[in-house]
Structures are given as structure tokens and as C-alpha cells.
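In: please find the sequence and the predicted model below.
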Amino acid sequence: MFFKIVVPLDGSIYSEAALKSASFMARAFNAELKLVTVEDIPLPIYPGEVDAEMISEIEKDHQAYLNARAHELREEGCCVSTVVLPPGSPADRILDEVKKERADLIVVGSHGRTGLTRMLLGSVAEKLARHAPCPVMIARVQEVPAAV
């Protein structure tokens, strides 16, 4: 039985696929969905390039994205909450939130990277699966659109 499901989102088709699976499970188990995203502050090219105003705008954009997804899910009858997590390692920030919320399940999308790309960039889904205190469901995209 699942009562709280954490869904990390990054705006990709992969996380949207995870959200679709998570919303199905939330309705089936009458569980609460917790949508999370990690603030990604761009690294400055020049000193002083990233300021407090820019960080505030990024946070607002992230919150607007989560709010839009939450609104859609509420219209489907799901109980949803959202949080924008502070900058840092996405996997670590998500794991901290999962522990704090005592989540029963994480539903995450995977970008499907392999080989050198995976080794260099890491895999949030893999780290969550290895270190989460609860089950992790990795949702996959059925069809990946052709590159433009």
C-alpha cells in the first residue's frame, strides 16, 4: 500500500512519463503525490552574472511548472503538494525530501543514458534506486520523438 508518492520532475519527456505512471498509482491507492524539482542555478561565466534577482526568477519558474502539473492532477482527483528543492545534487536533494516526507514510493523517469555519458553525468534514477529508503519505480518513455 502506498500513501505518499514522490515524483521528481525536470520538465523532460522522461519525468512527464513518470508523472503519468505516478498519477495512475496515486488514484489506484488513494495516495498523495509530492511533486519535487531541484533548482538548477546556472554556473556564471562572468563574476556577478548570477544575482539574487535571477535566482528568484528561476525559483518562480520552477514553482510555476510544478503548480501547473499539480493543477492538472487535482482536476483528475489527485491529492498533490509541491516543493522546489534548493540547488545541489538532484539525487541527494530528492533523497533528503523522501526521508523527510517518509514517502512510500518514488516514481522517477530515466533519460536512458549509457556508457561514457552515464559515467560522466551520472544517473539520478540509479542513485535513487540504490539509496532510497523506499521502493523506486523507474518509468520509461514508450516512444522517444525523433531529434530535430
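Out: Perfect, thanks for sending it. Residues are numbered from 1 along each chain as shown.
In: contacts for the helix or strand harbouring Val83?
Out: Secondary-structure element containing Val83, defined by DSSP states H and E: strand 79-85. Residues from elsewhere that reach strand 79-85, judged by Cβ atoms under 8 Å, 6 or more residues apart in numbering: 26, 31-39, 59, 62-63, 66-67, 69-70, 73-74, 93-94, 96-97. All C-beta atoms are positioned from the backbone trio N, CA, C, and that covers glycine.
In: okay, and which of those residues map to strands?
Out: Assignment to strands by DSSP state E places the following of those there: Glu32, Leu33, Lys34, Leu35, Val36, Thr37, Val38.
In: could you dump the residues you listed into JSON lines and include neighbour count and pLDDT?
Out: Output for the ones in strands among the contacts of strand 79-85, formatted as JSON lines (neighbours: other Cβ atoms under 10 Å; pLDDT from 0 to 100):
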{"residue": "Glu32", "neighbour count": "18", "pLDDT": "97"}
{"residue": "Leu33", "neighbour count": "24", "pLDDT": "98"}
{"residue": "Lys34", "neighbour count": "22", "pLDDT": "98"}
{"residue": "Leu35", "neighbour count": "23", "pLDDT": "98"}
{"residue": "Val36", "neighbour count": "24", "pLDDT": "97"}
{"residue": "Thr37", "neighbour count": "24", "pLDDT": "95"}
{"residue": "Val38", "neighbour count": "23", "pLDDT": "93"}
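In: what would these look like in a markdown table with distance to Leu105?
Out: Below are the ones in strands among the contacts of strand 79-85 laid out as a markdown table (distance: Cβ to Cβ, whole Å):
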| residue | distance to Leu105 |
| --- | --- |
| Glu32 | 11 |
| Leu33 | 10 |
| Lys34 | 10 |
| Leu35 | 14 |
| Val36 | 13 |
| Thr37 | 18 |
| Val38 | 19 |
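In: hang on, the earlier thing: for the strand holding Val83, which strands pair with it and how are they oriented?
Out: According to DSSP bridges, the neighbouring strands of strand 79-85, each with its direction, are strand 32-38 (parallel).
In: which residues of the protein score low on pLDDT?
Out: Scanning the chain for pLDDT under 70 picks out the ranges 42-50, 112-122, 142-148.
In: got a list of what Asp10 touches?
Out: Thr37, Val38, Pro90.
In: for it, helix, strand, or coil?
Out: Three-state secondary structure (criterion: DSSP: H, G, I helix; E, B strand; the rest coil) places Asp10 in coil.
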